[in-house]
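Chemist: Just to be clear, the model below is a prediction. Sequence and coordinates:
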Amino acid sequence: MPLWVVYHPPGTFDDDETKQALAKDITDWYSTGRGTLPRFYVVVNFIQLPVNSVWVGGELRKDKPFIRLTVDHIAVRMPDDDAQYKRIMQGISAFLKPHIADKGYDWEVHVDETERRLWQINGINPPPWRSEEEKMWHKENRPVPYETKL
Amino acid sequence: MPLWVVYHPPGTFDDDETKQALAKDITDWYSTGRGTLPRFYVVVNFIQLPVNSVWVGGELRKDKPFIRLTVDHIAVRMPDDDAQYKRIMQGISAFLKPHIADKGYDWEVHVDETERRLWQINGINPPPWRSEEEKMWHKENRPVPYETKL
Amino acid sequence: MPLWVVYHPPGTFDDDETKQALAKDITDWYSTGRGTLPRFYVVVNFIQLPVNSVWVGGELRKDKPFIRLTVDHIAVRMPDDDAQYKRIMQGISAFLKPHIADKGYDWEVHVDETERRLWQINGINPPPWRSEEEKMWHKENRPVPYETKL
């Protein structure tokens, strides 16, 4: 479910270690502690774009890397509540910090929320949030076929 | 309208035949039988990403290809109905099967629905779903200017 | 906020001048005249795809370039009003014309609207639309920390 796309210029996220460090922190946030989602729900696509393919305000960012992250949330739709939205974005900002802000990059992120019922993994509609079946998926870390009630 | 983006690793969808076979089955599903949409509405972008650019649950998928498909539905917004959502996803799963599941790939797909009125092809707002004008677009398989009533 | 992704084949938007000309016109539309958004809100990503990676209606477009543009609107959600939607799309169509239609390319564009509260730039929730703080961001053309009221 969360699908993260990280648009980044050459010189950033160049090696596997840097990529994995970010991907791991994203994954941990969704799947440990308060987050209860199976780890394999979290997909992070790094898309490297040439410096002259990204224009911010009509200009290139040649002196400072600019990282544009887009996020699709599918498994859980947030309640329409200012405080919760704020908490989510603060959480994201906090775990991104060592990978982006602390390196002196500029960045922008936004989250879209899409319909959970229009989502499949290996042809299976993932089980309801916080269901027993989801706990099993979390534990096994793979999509296990289960009985649907529909 | 439907915009399909297929993120895939090298070694999958490498040649035109494999790509076209999938693109054709996607297109057929929307434009023949129950689907009445003009064929040219269906756009499929294949985006090949290096194996080390896609992290699932914080890990690379080195042993088994992982295909991540994202879909934007624009022309038709589904009614909020469990059975219809289920039918859509079963339909998608069925036509993807020979191209992905049967090849032993893992995969995930999700659909977003966006506002039809914020959509243009060659500067024209596509005609209403199942209108006479849409039938003409289907038949001609191109965006033909028409009188708007707005 | 608006994030534009321009999927284009080789032979189109090949040099910086062509890219900047489009990016500048997109940016101007959002940030001058009626548009009041800070210029740096506008991000345009050019993603060049090989000709055989884009299938329209199950076919390649070998004779005529096809440009597929996707747009995410984050800062401002439009009222549910036919006339306003129409005006937006006419505006987009008009400023794209010299860059796409007049060059003989085919094209398709659609806009998604996402939740403003799930958006950050450099870790800051951008100030409310048309607020004094937003005017400051527009003037300074960068995200300036400010006091939030929440």
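Modeler: Everything's here; your move.
Chemist: From now on I want contacts and neighbour counts done on CA atoms only, so please keep to that.
Modeler: Will do.
Chemist: Output the helix or strand where A:E134 lies as PDB, nothing but the C-alphas.
Modeler: Here A:E134, judged by DSSP states H and E, is contained in helix A:132-140. The C-alpha atoms that make up helix A:132-140 are tabulated as PDB, following Å, rounded to 0.1, in the frame of the first residue of the first chain:
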ATOM      1  CA  GLU A 132      -6.500 -11.200  12.200                       C
ATOM      2  CA  GLU A 133      -5.700 -12.000   8.600                       C
ATOM      3  CA  GLU A 134      -3.600  -8.800   8.400                       C
ATOM      4  CA  LYS A 135      -1.700  -9.800  11.500                       C
ATOM      5  CA  MET A 136      -0.900 -13.100   9.800                       C
ATOM      6  CA  TRP A 137       0.200 -11.200   6.600                       C
ATOM      7  CA  HIS A 138       2.400  -9.000   8.900                       C
ATOM      8  CA  LYS A 139       3.900 -12.100  10.600                       C
ATOM      9  CA  GLU A 140       4.500 -14.100   7.400                       C
END
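Chemist: Can you confirm whether it lies near chain B?
Modeler: No: among the residues of helix A:132-140, none lie within reach of chain B under Cα under 8 Å from any Cα of the partner chain; the closest is 10.6 Å away.
Chemist: so is A:H110 in a helix, a strand, or just coil?
Modeler: Assigned state for A:H110: strand (three-state reduction, DSSP: H, G, I helix; E, B strand; the rest coil).
Chemist: pLDDT below threshold where in chain A?
Modeler: Applying pLDDT under 70 to chain A picks out residues A:1, A:34, A:148-150.
Chemist: 80 instead?
Modeler: Judged by pLDDT under 80, chain A has its weakly predicted residues at A:1, A:33-35, A:148-150.
Chemist: Point out the residues in it that sit beside chain C.
Modeler: Contact residues of chain A with respect to chain C, defined by Cα under 8 Å from any Cα, are listed as A:49, A:52-59, A:82-83, A:85-86, A:88-90, A:93, A:101, A:106-113.
Chemist: How about the backbone phi and psi for A:G57?
Modeler: Recorded main-chain torsions at A:G57 are phi 60, psi 30, according to degrees, to the nearest 10.
Chemist: pretty sure it is touching C:Y41, no?
Modeler: Yes: using Cα atoms under 8 Å, A:G57 and C:Y41 qualify as a contacting pair, with a distance of 6.5 Å.
Chemist: Now restrict the residues of chain A next to chain C to buried residues only.
Modeler: When the residues of chain A next to chain C are checked for burial by 16 or more other Cα atoms under 10 Å in any protein chain shown, the buried set is A:49, A:52-59, A:85-86, A:89-90, A:93, A:101, A:106-113.
Chemist: Around chain B, pick out the residues from chain A.
Modeler: A:16, A:19-20, A:23-27, A:38-47, A:74, A:114-115, A:117-123, A:150.
Chemist: my read: A:P50 touches A:Y7, true?
Modeler: No: here A:P50 does not reach A:Y7: they are 9.9 Å apart, not a contact under Cα under 8 Å.
Chemist: about what we covered before: taking the residues of chain A next to chain C one by one, which sit in helices?
Modeler: Of these, the ones assigned to helices by DSSP state H are A:82-83, A:85-86, A:88-90, A:93.
Chemist: Now stretch A:73-85: buried residues?
Modeler: By neighbour count, and taking 16+ other Cα under 10 Å as the criterion, the buried residues in stretch A:73-85 are A:73-75, A:85.
Chemist: Stretch A:22-38 now?
Modeler: By neighbour count with 16+ other Cα under 10 Å, stretch A:22-38 contains the buried residues A:22-31, A:36-38.
Chemist: need the contact list for A:P127.
Modeler: A:133-134 (Cα atoms under 8 Å, 6 or more residues apart in numbering or on different chains).
Chemist: and the gap between it and A:D28?
Modeler: As judged by Cα to Cα, to the nearest Å, A:P127 and A:D28 stand 20 Å apart.
Chemist: what does A:P65 give?
Modeler: Using Cα to Cα, we find A:P65 at a distance of 25 Å from A:D28.
Chemist: Same check on A:H138?
Modeler: For A:H138, the distance to A:D28 under the criterion Cα to Cα works out to 12 Å.
Chemist: A:K103 too?
Modeler: For A:K103, the distance to A:D28 - Cα to Cα - is 21 Å.
Chemist: circling back to that earlier point, out of the residues of chain A next to chain B, which sit inside helices?
Modeler: Per DSSP H, helices hold the following members of the residues of chain A next to chain B: A:16, A:19-20, A:23-27.
Chemist: What's the local residue count around A:T18?
Modeler: A:T18 is surrounded by 12 other residues when neighbours are defined as other Cα atoms under 10 Å in any protein chain shown.
Chemist: sorry, that was for A:E17
Modeler: The burial metric for A:E17, expressed as a neighbour count using other Cα under 10 Å, is 10.
Chemist: Assess the claim that A:E113 and A:R77 are in contact.
Modeler: Yes: at 6.3 Å, A:E113 and A:R77 qualify as touching, with contact defined as Cα under 8 Å.
Chemist: which neighbours do the two share?
Modeler: For the pair A:E113 and A:R77, no residue contacts each of them under the criterion Cα under 8 Å, 6+ apart.
Chemist: what's the span of stretch A:68-77, first residue to last?
Modeler: Terminal residues of stretch A:68-77 lie 22 Å apart, using Cα to Cα.
Chemist: Do a quick rundown of the strands in chain A.
Modeler: Assigned strands in chain A, in chain order: A:3-8, A:43-48, A:54-56, A:59-60, A:66-73, A:106-113, A:119-121 (criterion: DSSP state E).
Chemist: okay if I get those strands as a markdown table plus distance to B:V144?
Modeler: Formatted as a markdown table, the strands of chain A follow (distance: least, Cα to Cα, whole Å):
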| stretch | distance to B:V144 |
| --- | --- |
| strand A:3-8 | 35 |
| strand A:43-48 | 36 |
| strand A:54-56 | 33 |
| strand A:59-60 | 36 |
| strand A:66-73 | 34 |
| strand A:106-113 | 33 |
| strand A:119-121 | 34 |
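Chemist: For C:K97, find the nearest of the ones you listed.
Modeler: Closest to C:K97 of these, according to Cα to Cα: strand A:54-56, at 19.2 Å.
Chemist: quick one: strands adjacent to that closest one?
Modeler: Listed by DSSP bridges, the sheet partners of strand A:54-56 and their directions read strand A:59-60 (antiparallel), strand C:43-48 (antiparallel).
Chemist: List the buried residues in the helix holding A:E134.
Modeler: Residues of helix A:132-140 classed as buried under the neighbour-count rule (16+ other Cα under 10 Å) are A:133-138.
Chemist: Check whether A:H99 really touches A:Q20, as I assumed.
Modeler: No: between A:H99 and A:Q20 there is no contact under Cα under 8 Å: 10.6 Å.
Chemist: Same drill for those two, tell me which one is more crowded.
Modeler: Taking neighbours as other Cα under 10 Å, A:H99 and A:Q20 compare with A:Q20 leading, 21 against 18.
Chemist: If anything else comes up later, I'll come back, but that's it for now.
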